[in-house]
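>>> what follows is a predicted structure for the sequence shown.
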Amino acid sequence: MIEAGGQRSGAVLGLAIAGEATRRTSVLFRRAARKSALAWRPMVTVRFVGSGDSFGSGGRFQTCILVDGPRSRVALDFGTSSLIALAQQGIEPNSIDAILLTHLHGDHCGGVPFLLIDAMLAARRMRPLIIAGPRDLVRRLGEIREALFPGSHVMTPKFPLQWIELVPGTPRALLDLVVTARPARHTAETNPTALRVEIGGKVIAYTGDTEWTDEVAAAAQNADLLIAECYYYAKPIKWHLNYPVIAAHRDACGARRVILTHMSREMLAHADEVPEECAHDGLVVTI
Ligand SMILES: [Zn+2]
Ligand SMILES: [Zn+2]
């Protein structure tokens, strides 16, 4: 009995040791899992496919900013030259899930008709596409497409195409991101907005073309990345940002990183003198 009891106590002791080992192992596993969860944050990549202004300053393509989140690829603006810029950088247009447009100037939206017609005729797109943008987007883009490709209104895409008109100030969920448009101060007929995009746990703010306003500041508040148009270095310019204005507001808005884009010849001549990062065509950053 003693022996049997001893065996039993040994077994109990063995179980206790095994239990302790299991507990310690699971604690270690939990710690490792916590550590790797902290280390693993979805990466968000931003590529400046086109970083230019309207007029080809510096030989740059018009605005097209490609954002890769954990599960989707979206373009912020899609200027007229964007298909060429994508081709030059080896990026397949059919890989884009959504295009978010800030306003209806050609250097920000003029590439959409080219993309749609290419998708229907040559690229044989099957993947769904979302095009989101400011008020009156559908009618105005239809007019732009018809002006550039008369007769194209009879074409019907074979892929699912969804148009979304963003309501300023109202967050809108699409794909795996949330986008909030804010009213911007730019040519009124373009229905201008700035965008705040939440994707993969990160916030990207993009001014579009605008003067600095409280609404633009709200879009940029505590963003991980603020992409700011910086049209001029010193010259005051109506309906756009220049460098002194951005420098005066960047700290107050709390954006952790600022990249300047949409630069005129005058600004490009001073790009090396400013502490902020300046975009160039093909620049890729991870946030
Ligand atoms: Zn512009
Ligand atoms: Zn504009």
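That came through, no problem. Everything numeric in this text was worked out from a predicted model, so none of it was measured. Ligands and ions are numbered 1, 2, ... in the order given.

>>> over to the residue most central in space within the chain. Which of the three states is it?
The chain has residue 67 as the residue nearest its centroid, 4.1 Å off, counting by CA atoms, centre = their mean. The three-state assignment at residue 67 reads strand, by DSSP: H, G, I helix; E, B strand; the rest coil.

>>> ok, it to residue 218 distance?
20 Å (CB to CB, to the nearest Å). In short, each C-beta sits where N, CA and C put it, glycine included.

>>> where does pLDDT dip in this structure?
1-41 (pLDDT under 70).

>>> let's see that with 80 instead.
1-42 (pLDDT under 80).

>>> which parts of it sit against ligand 1?
107, 209 (CB under 5 Å from the ion).

>>> can you give me the domain assignment for the chain?
1-39, 41-286 (automatic domain parsing).

>>> got phi/psi on residue 98?
phi -150, psi 150 (degrees, to the nearest 10).

>>> show me the contacts for it.
72, 74, 75, 129, 130, 131, 132, 174, 175 (CB atoms under 8 Å, 6 or more residues apart in numbering).

>>> now do the helices in the stretch 1-150 of the chain.
2-39, 82-88, 106-109, 111-121, 137-148 (DSSP state H, counting those that start in this stretch).

>>> and the fourth one, what's buried?
Going back to what we said before, that points to helix 111-121. Using 16 or more other CB atoms under 10 Å as the test for burial, helix 111-121 gives 111, 112, 113, 114, 115, 116, 117, 118, 119, 120.

>>> again, but for the second one
Across helix 82-88, burial judged by 16+ other CB under 10 Å covers 82, 83, 84, 85, 86.

>>> what's that helix in contact with?
For helix 82-88, the surrounding residues in contact (CB under 8 Å, 6+ apart) are 49-50, 61-62, 64, 75, 92-93, 111, 114-115, 118, 281.

>>> who in this protein is up against ligand 2?
So far as CB under 5 Å from the ion goes, the chain lies against ligand 2 at 105, 209.

>>> which one of the contacts of residue 98 has the most neighbours?
When neighbours are counted by other CB atoms under 10 Å, residue 75 leads the contacts of residue 98 with 28 neighbours.
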